[in-house]
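Enquirer: Would you be able to build a 3D model of this:
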Amino acid sequence: MRNVRFPLMLTEREDDEIQAYRFSRKIGTKAQAVRDLINKGLAAEKVATTGPEFGDQNPVDARNKTGLEANDAESI
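Expert: You can find the predicted model right below:
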């Protein structure tokens, strides 16, 4: 259930790109298109920060799977 709202201001260019994404994929609402893009961006960020082998996990779980804590990487 979605129960969190927040205002979001866009540039005309951002709005045009979101609308183009929405219509090219036949997404019913701009809100759903924005949610899809947010989820894609978050997934890409996970892969970028944890590597593809951990991309489907949150970064904390992925880091702990390596056996390293946050400060351990600095001492390597």
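
Enquirer: Output the lowest mean pLDDT helix or strand found in this structure.
Expert: Within the chain, judged by mean pLDDT, DSSP states H and E, the helix or strand with the poorest mean is helix 59-65; its value is a mean of 52.

Enquirer: All the helices of this protein, residue numbers only.
Expert: 12-24, 30-50, 59-65 (DSSP state H).

Enquirer: Show me which residues of the first one are buried.
Expert: If you call a residue buried by 16 or more other Cβ atoms under 10 Å, then helix 12-24 has these buried ones: 18, 21-22. All C-beta atoms are positioned from the backbone trio N, CA, C, and that covers glycine.

Enquirer: Next up, the contacts around Ala31.
Expert: By Cβ atoms under 8 Å, 6 or more residues apart in numbering, Ala31 lies in contact with nothing.

Enquirer: Out of the helices of the chain, the one nearest Phe6 is which?
Expert: helix 30-50 (11.2 Å; Cβ to Cβ).

Enquirer: what angle sits between the closest one and helix 12-24?
Expert: Angle, helix 30-50 to helix 12-24, by axes from the mean of the first three to the mean of the last three Cα atoms, to 10 degrees: 100 degrees.

Enquirer: What mean pLDDT does helix 30-50 get?
Expert: The average pLDDT within helix 30-50 is 93.

Enquirer: Need the CA coordinates for it. CSV is fine.
Expert: In CSV, the C-alpha atoms belonging to helix 30-50 read as follows (Å, rounded to 0.1, in the frame of the first residue of the first chain):
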residue,chain,number,x,y,z
LYS,A,30,3.0,9.5,-14.8
ALA,A,31,3.2,8.5,-11.1
GLN,A,32,3.7,4.8,-12.1
ALA,A,33,6.3,5.8,-14.6
VAL,A,34,8.2,7.8,-12.0
ARG,A,35,8.0,4.9,-9.5
ASP,A,36,9.4,2.6,-12.3
LEU,A,37,12.2,4.9,-13.0
ILE,A,38,13.1,5.3,-9.3
ASN,A,39,13.2,1.5,-8.9
LYS,A,40,15.4,1.2,-12.0
GLY,A,41,17.7,3.9,-10.7
LEU,A,42,17.9,2.3,-7.2
ALA,A,43,18.7,-1.1,-8.7
ALA,A,44,21.4,0.4,-10.9
GLU,A,45,22.9,2.1,-7.9
LYS,A,46,23.0,-1.1,-6.0
VAL,A,47,24.9,-2.8,-8.9
ALA,A,48,27.2,0.2,-9.2
THR,A,49,28.1,0.2,-5.5
THR,A,50,28.1,-3.5,-4.7
